[in-house]
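**Q** Dropping a prediction and its sequence here:
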Amino acid sequence: MPESDLDLLLRAAKEAGEIALSHFGADPKIWEKDDNAGPVTEADLAVNAHLQSALTSARPDFGWLSEETEDGSERLAKDKLFIVDPIDGTRAFIDRSENWAHSLAIVENGTPTAGVVEMPQKGLTFWATKGGGAFLNGKPIKVAPVDRIKDATVLTAKPNLRPEFWIGGKAPPFNTSFRSSLAYRLCAVASGRFDAMITLRPTWEWDVAAGTLIVEEAGGQAFDQTGSALIYNNPQPKLSGVLAGGPVVPKLVSQLV
C-alpha cells in the first residue's frame, strides 16, 4: 500500500531529527544570511537537503517551498506542494536550547492538508490532517477553552505589544509568555498549554503552515492580523501576521487596528 501523506511527513520528520541531533551541541558551522535574515547552520542545510530529496522523490509532482532553498515560480503552478522549515528556531538550536523544531506541511490549493512539527530535543511529535484531528505523540489534543482576553495567556514577543497595533494605543490586558520557535508556539497553543499566539510581523509561510493546521484540527482558529483566513503558496510567501488559538482569538483580532 502506498505511503500516506501523513506517514511520509512523519517518517521524514524523524529522519530530520536524527540529522539535526547529530549536529546539536557540536558547534556546527554558522553563517549569517543576507539582508539581516538571521543565521543558518550546517545542520539547517543538511536537514533541508535530506527533506527535499526524501519528500520530492516520494511525490515528484508536488511543488517545494523551504526556508533554505532558493525560491522559484515553479511551485505557483502546482496544486500541491511541500512547505518546510528545516529548523525553526535556529538561534535556539545554536544556543543549545531545546525549543527548536522541524516544520513540514503539505498544502493543496492554498490550504494545509497534512502537517508535522517534530521537536527532537524535547521528544515531541505534533501532527494533524485536514478533518482528521490533531495529535501529540499519538494522543488527541485540544485548544484551551478560555474566551476572555483578561484570562488568556498569549505566546508572543514584546514588539507585538507596541501601541500602533492596538485600538486605543494599548494592548489588551492578557498575560504573556514566549517561545523562540513559531511552530512550537502554535503547537503549544494547540495542546492547550497556552490560550493563543500572536505574531504581527510579516510571517514566512514555512514557519506556520504545519502549526496552523494543527491548531485548527485541535478545535482552534487561525487568522492573519486583518481577521482573514490564511492562504498559502503565495508569490511572496509571507502572511500578514498570524493569530491562532482557542475561542479568545476572534476577540484579540477585534482589538487590532
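**A** Everything's here; your move.
**Q** Can you tell me the SS state at the closest residue to Leu182 other than its chain neighbours?
**A** Distances taken as C-beta to C-beta, 6 or more residues apart in numbering place Asp207 nearest to Leu182, at 4.3 Å, with adjacent residues excluded. All C-beta spots, glycine's among them, are computed from the backbone N, C-alpha and C. Recorded secondary structure, Asp207: helix (DSSP: H, G, I helix; E, B strand; the rest coil).
**Q** Would you check how far apart Asp207 and Pro145 are?
**A** 26 Å (C-beta to C-beta, to the nearest Å).
**Q** Between those two, point out the one with more neighbours.
**A** A direct count of neighbours by other C-beta atoms under 10 Å for Asp207 and Pro145 places Asp207 higher, at 25 against 11.
**Q** and the gap between that one and Val253?
**A** For Asp207 relative to Val253 (C-beta to C-beta), the value is 19 Å.
**Q** For the chain, just list every one of the helices.
**A** Counting by DSSP state H, the chain has helices at residues 5-23, 42-58, 90-94, 182-190, 205-217, 249-253.
**Q** now the third one, how far from the centre of its chain.
**A** Taking C-alpha atoms, centre = their mean, to the nearest Å, one finds the center of helix 90-94 at 16 Å from the center of the full chain.
**Q** what do you get for the second one?
**A** Relative to its chain's centre, helix 42-58 lies at 18 Å (C-alpha atoms, centre = their mean).
**Q** For it, name the packing helices and strands.
**A** helix 5-23, strand 63-66, strand 80-88, strand 101-108 (3 or more C-beta pairs under 8 Å, 6 or more residues apart in numbering; DSSP states H and E).
**Q** Of these, which is nearest Val47?
**A** Val47 lies closest, by C-beta to C-beta, to one member of the helices and strands packed on helix 42-58: strand 80-88, at 3.9 Å.
**Q** I'd like to check the angle between that closest one and helix 5-23, please.
**A** If you take axes from the mean of the first three to the mean of the last three C-alpha atoms, to 10 degrees, strand 80-88 sits at 20 degrees to helix 5-23.
**Q** per the record, what domains does this structure have?
**A** As assigned by automatic domain parsing, the chain contains the domains 5-140, 149-253.
**Q** could those be laid out in TSV, adding mean pLDDT?
**A** Shown next, in TSV, are those (pLDDT from 0 to 100):
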stretch	mean pLDDT
domain 5-140	96
domain 149-253	97
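**Q** winner for burial among the ones you listed?
**A** Comparing the domains of the chain by mean neighbour count (mean count of other C-beta atoms under 10 Å), domain 149-253 comes out on top with a mean of 21.
**Q** Between the two ends of it, how far is it?
**A** 11 Å (C-alpha to C-alpha, to the nearest Å).
**Q** Going by residue numbers, what spans are strands in the stretch 101-250 of the chain?
**A** Using DSSP state E, counting those that start in this stretch, the strands of the stretch 101-250 of the chain run over 101-108, 111-119, 124-129, 133-136, 139-140, 153-155, 175-177, 196-199, 203-204, 221-223, 238-239, 242-245.
**Q** export the ones you listed to TSV and tack on distance to Gly89?
**A** Compiled in TSV, the strands of the stretch 101-250 of the chain are given as follows (distance: least, C-beta to C-beta, whole Å):
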stretch	distance to Gly89
strand 101-108	6
strand 111-119	9
strand 124-129	13
strand 133-136	18
strand 139-140	24
strand 153-155	13
strand 175-177	15
strand 196-199	13
strand 203-204	13
strand 221-223	19
strand 238-239	18
strand 242-245	16
